[in-house]
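J.: Can you look at this prediction? I've put the sequence above it.
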Amino acid sequence: MTSIDLAATDTRRAEKVTERIDAESIVALAEELIRAGGENPGGTEEATVVSLSGALAAIGARIEVDEVAPGRSNLTARLGGDGTGNGGVLFLGHSDVVPAGAGWTADPFEPRRWGDRLIGRGSSDMKGGLASLVVAMNAVHAVAPEVPMTLLVTVDEECDAAGAQHYVASEPAGEYTGCVAAEPTGMQIITACRGATNLRLEITGASAHAGNPDDGASAILAASDVIGTIEADDVALRSHPDPELGRACWNVGSIRGGHGTSIVADQCELALDRRTLPGEDPATILSEILAQSTRAVRGRSRAGAERISLTGSIDMIMPGFRTDPEDDFVAGCQDAVRRAGGSGETGVWTAACEGGFVNRVHQIPTVVLGPGDVNNQAHQPDESVEIPELLEAARTYALIALRSSKSMTT
């Protein structure tokens, strides 16, 4: 395991790096990224990727743009070392934001300042974090060009994680010392996250005139049995909580079915969210809930029950992850946060993030650490982030890059 003890680095070099980081540079880039938009659903991340590419190219980074879908591309930037990123930290972010929605007191994509806060859609989740990362990488490279750093920015994090899934499917190379996902944690170091799986269940019955319902098989009535099965499984999951992350859980997000009030419904679709614990297999979850639901439907004395069929699919998998809080990489992150003015506190998230993809494909210690407030600012009207926290984040990221580089520790 790579040590990232400060004793293995040049303390003065670290001071020179942090001295090069200023709040105005971070805010200026964050404002540019906010103006670029990137609402999702909608697939409008391209302008943000172009802005980021320009900012990163200007500091000497090697840019790779990988198309996930037309007009939607992941961005990978490598800076320092031998240009491969090997032996350094992998920073992780996303280019999309949730739709602005109603309730804003001004244009959500025209950033403005209020005291020491920067306001605009994405300021907290996560244009502010991206700006802090770019400024940090620039400062490190100016002082210690031998330190390798990689920044991966995905599309579609806010919906189906298509960007992260595309990255994993490409079987990426890279020997990184650890990963930092710059999601808004208030600069708390998150060492474990639950995962999320979106599933879809299709229930097929047989239509008939509502005046003769026994001639058909109602997919909607069968759906009630399926929902009951899901509810029972959700109750059972309460008995097996994770000591850190709590329990896995189900949510029935939407139901669609039927063609009219006088027709027995021959189709019904359920969209489900299953929050997972690290190590759970989404395919097994789907298989088991289909088997349980089929037994529940067939076990009813309702007319046409034997004619009901169920199928299922997985729309999205965002895996959970867990990093040992005692890992050297976590200790190095704590030291970096403290030296940048923070507490170095660790914790866990019941939310999901794309760090699980990186953790799984690269088998490296992973944390979530970034400026902003996921509970009270992200996805809210008049979303904002504290400017001093953006500065703290940039200094923290720079110190992590120094401490986690093999070129500085071996």
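T.: Cool, the structure landed.
J.: Could you use CA atoms for every contact and neighbour count after this?
T.: OK.
J.: where does the stretch 101-250 of the chain have low pLDDT?
T.: Along the stretch 101-250 of the chain, no part satisfies pLDDT under 70.
J.: For it, which segments count as strands?
T.: 112-114, 117-119, 149-154, 178-181, 189-193, 195-204, 249-257 (DSSP state E, counting those that start in this stretch).
J.: of all those strands, which lies closest to Ala398?
T.: strand 149-154 (9.8 Å; C-alpha to C-alpha).
J.: helices or strands up against the closest one?
T.: Strand 149-154 sits against strand 72-79, strand 89-94, with contacts defined as 3 or more C-alpha pairs under 8 Å, 6 or more residues apart in numbering; DSSP states H and E.
J.: List of residues touching it?
T.: 73-81, 85, 88-95, 137, 163-164, 401 (C-alpha atoms under 8 Å, 6 or more residues apart in numbering).
J.: Phi first, then psi, for Ala208.
T.: Here is the backbone geometry of Ala208 (degrees, to the nearest 10): phi -160, psi 170.
J.: returning to that earlier point: could you dump the strands of the stretch 101-250 of the chain into a markdown table and include mean neighbour count and distance to Ser218?
T.: A markdown table is the format used below for the strands of the stretch 101-250 of the chain (neighbours: other C-alpha atoms under 10 Å; distance: least, C-alpha to C-alpha, whole Å):
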| stretch | mean neighbour count | distance to Ser218 |
| --- | --- | --- |
| strand 112-114 | 13 | 54 |
| strand 117-119 | 23 | 50 |
| strand 149-154 | 26 | 42 |
| strand 178-181 | 26 | 46 |
| strand 189-193 | 25 | 39 |
| strand 195-204 | 22 | 8 |
| strand 249-257 | 15 | 10 |
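J.: Next, format these as a markdown table and append distance to Arg274.
T.: Converted to a markdown table, these look like this (distance: least, C-alpha to C-alpha, whole Å):
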| stretch | distance to Arg274 |
| --- | --- |
| strand 112-114 | 38 |
| strand 117-119 | 33 |
| strand 149-154 | 23 |
| strand 178-181 | 22 |
| strand 189-193 | 14 |
| strand 195-204 | 5 |
| strand 249-257 | 5 |
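J.: which parts of the helix or strand Pro388 falls within are buried?
T.: Using DSSP states H and E, Pro388 sits in helix 387-403. Of all the residues in helix 387-403, those buried under the rule 16 or more other C-alpha atoms under 10 Å are 387, 389-403.
J.: Let me know which of the strands of the stretch 101-250 of the chain is the nearest to Thr44.
T.: Judging those by C-alpha to C-alpha, what sits closest to Thr44 is strand 149-154, at 12.5 Å.
J.: Convert the closest one to CSV, retaining C-alpha atoms only.
T.: The C-alpha coordinates for strand 149-154 follow below in CSV (Å, rounded to 0.1, in the frame of the first residue of the first chain):
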residue,chain,number,x,y,z
MET,A,149,-2.8,13.4,-11.6
THR,A,150,-5.9,12.3,-13.5
LEU,A,151,-9.4,13.9,-13.6
LEU,A,152,-12.3,11.8,-14.9
VAL,A,153,-15.5,13.8,-15.6
THR,A,154,-18.6,11.7,-16.6
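J.: Okay, now the sheet partners of it, with direction.
T.: strand 72-79 (antiparallel), strand 89-94 (parallel) (DSSP bridges).
J.: so of those, which one's packed in deepest?
T.: strand 89-94 (a mean of 27; mean count of other C-alpha atoms under 10 Å).
J.: ok, and what's touching stretch 102-122?
T.: Contacts of stretch 102-122 (C-alpha under 8 Å, 6+ apart): 27, 31, 34-37, 97-98, 100, 128, 378-379, 381-388.
J.: So which of the residues you listed are in strands?
T.: Using DSSP state E, Ser384, Val385, Glu386 are the members of the contacts of stretch 102-122 that sit in strands.
J.: check contacts around the first one.
T.: With contacts taken as C-alpha under 8 Å, 6+ apart, Ser384 has the following neighbours: Arg117, Leu118, Ile119, Gly120, Arg121, Gly122, Ser123, Ser124, Gly372, Gln377, Ala378.
J.: again, 6 Å this time
T.: Leu118, Ile119, Ser123, Ser124 (C-alpha atoms under 6 Å, 6 or more residues apart in numbering).
J.: Format these as CSV; extra columns: distance to Gly186.
T.: Formatted as CSV, the contacts of Ser384 follow (distance: C-alpha to C-alpha, whole Å):
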residue, distance to Gly186
Leu118, 15
Ile119, 16
Ser123, 13
Ser124, 9
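J.: and of the residues you listed, the nearest to Gly347?
T.: Ser124 (19.0 Å).
J.: Leaving aside the residues adjacent along the chain, what's closest to the closest one?
T.: Leaving out its chain neighbours, the residue that sits closest to Ser124 by C-alpha to C-alpha, 6 or more residues apart in numbering is Gly372, at 4.5 Å.
J.: The one you found and Val385 touch, don't they?
T.: Yes - counting by C-alpha atoms under 6 Å, Gly372 touches Val385, with 5.2 Å between them.
J.: re the thing from before, from the buried residues of helix 387-403, which shows the smallest pLDDT?
T.: Within these, Arg403 has the lowest pLDDT, namely 91.
J.: ok, that residue to Ile59 distance?
T.: Distance, Arg403 to Ile59, using C-alpha to C-alpha, to the nearest Å: 21 Å.
J.: hmm, back to that, quick check, distance from the helix holding Pro388 to the centre of its chain.
T.: 20 Å (C-alpha atoms, centre = their mean, to the nearest Å).
J.: likewise stretch 32-44?
T.: That offset, for stretch 32-44, works out to 16 Å (C-alpha atoms, centre = their mean).
J.: cool, stretch 72-90 as well?
T.: With C-alpha atoms, centre = their mean, you get 19 Å for stretch 72-90.
J.: Which residues does it contact?
T.: 46, 61-67, 145-155, 174-179, 401, 405-406.
J.: Which of the three states applies to Gly344?
T.: coil (DSSP: H, G, I helix; E, B strand; the rest coil).
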